[in-house]
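1. quick check, what structure comes out for this input:
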Amino acid sequence: MPTPLPWHQIDTVLLDMDGTLIDLHFDSHLWQQLVPERYAARLGLPLADAKAQIDARYQAVSGTLDWYCVDYWSRTLGLDIRALKQEILEKIQWRPHVIPFLAALRAAGKQLVLFTNAHPASLSVKDARLGLAGHLDLMVSTHELGWSKESQHCWQALAERLAFDPARTLFVDDSERILVASADYGIAHQLGIHQPDSAMPPLQFQRFPALKDYAELLPLMA
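-> Numbers count the residues shown, from 1 in each chain. Now for the predicted structure:
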């Protein structure tokens with residue numbers, strides 16, 4: 001269980017989407033299994049060769065907006081990524097106890113903002129499936145800001161878009177690299193996610209506390 005958070009010192013909660021509110025299994029299955037299979041079929045390649053080619057392309061743009069961009073990958077791989085997402089909608093699932101956690105935050109008067117690197121098309125699909133917007137005050141895709149969360153420019157652009165005090169803000173994300181970027185900007189409180197993909201082994205965080213299940217936080221907020 002993470003160290004108790006000083007909720008009386010937190011006004012705004014910034015929440016990542018994939019792996020943080022939503023099980024990352026949908027995206028893992030899409031990008032690590034379905035996309036390579038369809039790419040291999042399109043080019044007549046062995047699956048291992050297709051995966052190697054795609055992994056190299058992934059690495060080349062890691063941490064940039066292109067890495068998160070549906071349109072970029074549709075063009076680059078010659079696949080209709082939007083259509084592929086529609087084939088596996090049943091895999092879009094909340095992480096455990098997210099809804100009670102968001103309800104508790106709202107009842108406590110916190111400003112709730114989804115802050116995601118996901119492309120607006122991906123955000124739209126997941127909102128349609130789960131009704132994300134109904135549990136949040138605002139949803140912001142970094143594609144609207146022009147930089148990914150890994151960049152300090154992105155945090156500066158968010159501050160121009162959203163009224164919040166970094167010193168009284170909690171940021172929850174499953175990427176330690178992105179948590180570091182938020183701390184570098186001045187966000188006071190960070191929280192990681194131990195197991196963003198329910199089908200994969202847990203992650204270990206070096207610099208920040210992390211949780212396994214939002215139920216861990218509910219008694220602390222009572």
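2. from now on I want contacts and neighbour counts done on CA atoms only, so please keep to that.
-> Noted.
3. all helices for the protein, in order.
-> Counting by DSSP state H, the segments of the chain that form helices are 25-29, 35-43, 47-60, 70-77, 81-87, 98-107, 120-130, 152-161, 176-185, 218-221.
4. helices and strands of the protein: which one has the lowest mean pLDDT?
-> The least trusted helix or strand in the chain, going by mean pLDDT, DSSP states H and E, turns out to be helix 218-221, with a mean of 75.
5. tabulate the helices of the chain (a markdown table), appending mean neighbour count.
-> Written out in a markdown table, the entries for those read as follows (neighbours: other CA atoms under 10 Å):
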| stretch | mean neighbour count |
| --- | --- |
| helix 25-29 | 18 |
| helix 35-43 | 18 |
| helix 47-60 | 15 |
| helix 70-77 | 15 |
| helix 81-87 | 14 |
| helix 98-107 | 16 |
| helix 120-130 | 16 |
| helix 152-161 | 16 |
| helix 176-185 | 18 |
| helix 218-221 | 13 |
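6. of the ones you listed, which is nearest residue 136?
-> Residue 136 sits nearest to helix 98-107 of all these, at 7.8 Å, using CA to CA.
7. what is the mean pLDDT for that closest one?
-> Per-residue pLDDT values over helix 98-107 give a mean of 95.
8. who's in contact with that helix?
-> Taking contacts as CA atoms under 8 Å, 6 or more residues apart in numbering, the residues outside helix 98-107 that touch it are 21, 112, 135-136, 214-215, 217-218, 221.
9. if you rank these by neighbours, which is first?
-> Note: the member of the contacts of helix 98-107 with the most neighbours is residue 21, at 25 neighbours, neighbours being other CA atoms under 10 Å.
10. can you pull the phi/psi pair for that one?
-> Residue 21 adopts backbone torsions of phi -90, psi -40, taken as degrees, to the nearest 10.
11. picking up where we left off before, which one of the contacts of helix 98-107 is nearest to residue 31?
-> For residue 31, the nearest member of these is residue 21. The distance, counting by CA to CA, is 18.7 Å.
12. any idea how far residue 204 is from the closest one?
-> For residue 21, the distance to residue 204 equals 18 Å [CA to CA, to the nearest Å].
13. check residue 26 too.
-> Taking CA to CA, one finds residue 26 at 21 Å from residue 204.
14. quick check: which ranges of this protein have low pLDDT?
-> Counting by pLDDT under 70, the chain shows low-confidence ranges at 1-3, 220-222.
15. for residue 127, which non-adjacent residue is closest in space?
-> Spatial nearest neighbour of residue 127, chain neighbours left out: residue 133 (6.5 Å); criterion: CA to CA, 6 or more residues apart in numbering.
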